[in-house]
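Enquirer: what follows is a predicted structure for the sequence shown.
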Amino acid sequence: MDKPHLVFLTGAGMSAESGVPTFRDALTGLWSRFDAEALATPAAFRRDPELVWGWYRWRAAQLLDVQPHAGHDAIATIERRGFKVDVITQNVDDLHERAGNRNVVHLHGKLLRSRCIDCGARRDPDPITLDPPSSREGEREAPPRCEVCGGQFRPDVVWFGEALPQAEWEYAQDALARCDRVIVVGTSGLVQPAASLPSLARALGKPVLEINPQPSAITPEVDAFWALPASTGLTRLLD
Ligand SMILES: CC(C)NC(=O)[C@H](Cc1c[nH]c2ccccc12)NC(=O)[C@H](CCCC/N=C(/NCCC(=O)O)S[C@H]1O[C@H](COP(=O)(O)OP(=O)(O)OC[C@H]2O[C@@H](n3cnc4c(N)ncnc43)[C@H](O)[C@@H]2O)[C@@H](O)[C@H]1O)NC(=O)OCc1ccccc1
Ligand SMILES: [Zn+2]
């Protein structure tokens, strides 16, 4: 008897216990301390590329200091136990990969990757991780220039008003159509189109469990809700 195919839909709350700030949490949330319009939009980068590049370098430097927690490890253990596992995340961190999951799809891009805004070229090692900047918030830094076309480099994340990467979005919808169960972890369910995936899963007849200490915008739509932090809720799945 084949083990069920599980899809994990994760948001910023999944990485909160590792020390990665969420976006909306009142005190620690990034959007309560920084203006998304001034930092996470194409217009912001055109207006002030040094401010935006500096801010993403600061976030990238922080990521180098955190580790996956028991919740990330639990999802990786479930995959090692022979379950087919797809992780579809809104997160730009690499904690699911570091925990050992192989099928991790980033709907909103990756913080530790950048690309040329003109020709799309990438560099290895990636300039966004090179000689991490002093971790002073708001440190301004000029984005590097592309060696291929001279264009400016930008963080390889999806900014507000930008379309999600086609391949990742199609993979997400296809995985929900093929899976047996869906577990949603740590999202407020406020950012579209990612926030529409749980209701798509239900429309496809897939049972949806949500793990979040607080009810979210998607809680009314799920089959089961565990008011728990990611580490506790996901570890409980191992029992
Ligand atoms: C704010 C919202 C209203 N805006 C949108 O949805 C917009 C569209 C839009 C504009 N106006 C609208 C009006 C109505 C509806 C939609 C819109 N969407 C877009 O712009 C998208 C792009 C959206 C992606 C933006 N990029 C990100 N990130 C990358 C960058 C970066 O990181 O800097 S979004 C970013 O914020 C989002 C944060 O949400 P969550 O992950 O849910 O985190 P949050 O902090 O909100 O909540 C944390 C949760 O965790 C819980 N929690 C806390 N601790 C724990 C714990 N320990 N364990 C478990 N859970 C925990 C908390 O209780 C809480 O529930 C994530 O998606 C994250 O990736 N693009 C697009 O629409 O393009 C069009 C288009 C289409 C075709 C062609 C051209 C254009
Ligand atoms: Zn280029």
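Expert: Great, that's in hand. Ligands and ions are numbered 1, 2, ... in the order given.
Enquirer: is ligand 1 within reach of the worst-scoring helix or strand of the chain on mean pLDDT?
Expert: The helix or strand of the chain with the poorest confidence is helix 30-33; it has a mean of 76 (mean pLDDT, DSSP states H and E). No - Helix 30-33 is not in contact with ligand 1 by C-beta under 6 Å from any ligand atom; minimum separation 7.4 Å. C-beta coordinates here come from the backbone N, C-alpha and C atoms, glycine included.
Enquirer: okay, buried residues for that helix please.
Expert: The neighbour-count check on helix 30-33 (16 or more other C-beta atoms under 10 Å) flags Leu30 as buried.
Enquirer: same check on stretch 86-103?
Expert: For stretch 86-103, a neighbour-count test (16+ other C-beta under 10 Å) marks 86-99, 101 as buried.
Enquirer: please apply the same query to stretch 33-45.
Expert: Residues of stretch 33-45 classed as buried by neighbour count (16+ other C-beta under 10 Å): 34, 39-41, 44-45.
Enquirer: what about stretch 114-130, near ligand 1?
Expert: No - Stretch 114-130 lies apart from ligand 1 when judged by C-beta under 6 Å from any ligand atom; the minimum separation is 12.3 Å.
Enquirer: hang on, the earlier thing: need the residues that contact the least confident helix or strand of the chain.
Expert: For helix 30-33, the external contacting residues (C-beta atoms under 8 Å, 6 or more residues apart in numbering) are 21-26, 36.
Enquirer: would you map the helices across this structure?
Expert: Counting by DSSP state H, the chain has helices at residues 13-16, 30-33, 36-39, 42-47, 49-63, 70-80, 95-99, 166-178, 197-203, 230-236.
Enquirer: out of those, which is the most enclosed?
Expert: helix 13-16 (a mean of 27; mean count of other C-beta atoms under 10 Å).
Enquirer: using PDB, write out every CA atom in that one.
Expert: Backbone C-alpha positions of helix 13-16 (Å, rounded to 0.1, in the frame of the first residue of the first chain) are rendered in PDB as follows:
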ATOM      1  CA  GLY A  13       5.500  31.400  10.500                       C
ATOM      2  CA  MET A  14       7.300  28.200   9.500                       C
ATOM      3  CA  SER A  15      10.600  29.900  10.000                       C
ATOM      4  CA  ALA A  16       9.700  32.100  13.000                       C
END
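Enquirer: picking up where we left off before, how distant is the least confident helix or strand of the chain from the center of its chain?
Expert: For helix 30-33, the gap between its own C-alpha mean and the chain's C-alpha mean amounts to 17 Å (C-alpha atoms, centre = their mean, to the nearest Å).
Enquirer: now swap in stretch 190-201 and tell me
Expert: A distance of 14 Å separates the centroid of the chain from that of stretch 190-201, by C-alpha atoms, centre = their mean.
Enquirer: swap in stretch 73-91?
Expert: Distance, centroid of stretch 73-91 to centroid of chain: 15 Å (C-alpha atoms, centre = their mean).
Enquirer: I'd like to know the average pLDDT value across that stretch.
Expert: For stretch 73-91, the mean per-residue pLDDT is 98.
Enquirer: what of stretch 124-140?
Expert: If you average the pLDDT values across stretch 124-140, you get 76.
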